[in-house]
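In: 3D model of this:
(one chain, ligands or ions: 2)
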Amino acid sequence: MSGAGAPEVQVVDGTGLRVGVVAATWHAEVMGGLKDGVSRALSACGVTDVTLLEVPGSFELPVAAARMAAAGYDAVVALGVVVRGGTPHFDYVCAGATQGLVEVSVRTGVPVGFGLLTCDTVEQALDRAGLPGSSEDKGFEAAAAAVATAGALHHLPTHTPAALIG
Ligand SMILES: Nc1c(NC[C@H](O)[C@H](O)[C@H](O)CO)[nH]c(=O)[nH]c1=O
Ligand SMILES: CC(=O)[C@@H](O)COP(=O)(O)O
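Out: Ligands and ions are numbered 1, 2, ... in the order given. Predicted coordinates:
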């Protein structure tokens, strides 16, 4: 089950796609659930060409995603778990990772599935990790969204509407 108001997760045919997964290492139990969710989603989409790149923390996700996008991957899935501590550091890690991943996707045109959990407690993160007893499966969602977006972009007409010609 996804968050309130979320649509049904689309599982589309991703046969032949090259998918990169960039994963931080903080909060190992939660990360294990997220990575398993990605594996289940990519398998359901028929994606077999998958590469995993691990980085220390979520703040390092954008540079890894950028490298994968530049290397010709059709889609990237970014996974991380940030749990609030006692200082504003949480805000900066989350903002930096999020904005960085947005920039990678927009600047490269490569879809980046957003599998970054930004939680006040570990319990909240576990509940979104697709583990037994979890309410949500954010790793699966992120991977499915990346594949669906890659497919949609692949079928986008290549003509340039007159309105876009400067
Ligand atoms: N507190 C969390 C971090 N912090 C580490 C940063 O992401 C980064 O690796 C460090 O500042 C060195 O550049 N990372 C997480 O992924 N999750 C956290 O809860
Ligand atoms: C989100 C984090 O980086 C977290 O570990 C920071 O904890 P603190 O704010 O107590 O230093």
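
In: Give me the phi and psi for the residue of the chain found nearest ligand 2.
Out: Proximity of the chain to ligand 2 (CB to the nearest ligand atom) peaks at residue 85, 2.1 Å away. Quick note: C-beta positions are derived from backbone N, CA and C, even for glycine. As for residue 85, its main-chain torsions (degrees, to the nearest 10) stand at phi -110, psi -140.

In: What's the local residue count around the spatially closest residue to residue 128 that is not a sequence neighbour?
Out: Of all residues not flanking residue 128 in the chain, residue 136 sits nearest, at 4.3 Å (CB to CB, 6 or more residues apart in numbering). Using other CB atoms under 10 Å, residue 136 has 17 other residues around it.

In: Residue 136 contacts residue 130, correct?
Out: Yes - between residue 136 and residue 130 there is a contact under CB atoms under 8 Å: 7.2 Å.

In: Using PDB, list the CA coordinates for whichever helix or strand residue 53 is part of.
Out: Using DSSP states H and E, residue 53 falls within strand 49-54. Coordinates of each C-alpha in strand 49-54 appear next as PDB, following Å, rounded to 0.1, in the frame of the first residue of the first chain:
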ATOM      1  CA  ASP A  49      20.400  -5.400 -17.000                       C
ATOM      2  CA  VAL A  50      20.800  -3.900 -13.500                       C
ATOM      3  CA  THR A  51      23.900  -2.400 -11.900                       C
ATOM      4  CA  LEU A  52      24.200  -1.500  -8.200                       C
ATOM      5  CA  LEU A  53      26.500   1.300  -7.000                       C
ATOM      6  CA  GLU A  54      26.700   1.900  -3.300                       C
END
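
In: Quickly run through the sheet partners of that strand, with directions.
Out: Note on strand 49-54: by DSSP bridges, its sheet partners are strand 18-23 (parallel).

In: So what touches the partner strand?
Out: By CB atoms under 8 Å, 6 or more residues apart in numbering, the residues outside strand 18-23 that reach it are 31, 34-35, 38, 42, 47, 49-55, 61, 64-65, 68-69, 71-80, 143, 146-147.

In: can you tell me if that strand touches ligand 1.
Out: No - judged by CB under 6 Å from any ligand atom, strand 18-23 stays clear of ligand 1, getting no closer than 9.7 Å.

In: pLDDT of that strand, averaged?
Out: Averaging pLDDT along strand 18-23 gives 98.

In: again with stretch 118-135
Out: Averaging pLDDT along stretch 118-135 gives 98.

In: how about it: buried residues?
Out: 118-119, 124-131, 134 (16 or more other CB atoms under 10 Å).

In: can you tell me if that stretch touches ligand 1.
Out: No - residues of stretch 118-135 contacting ligand 1 under CB under 6 Å from any ligand atom: none, with a closest distance of 8.6 Å.
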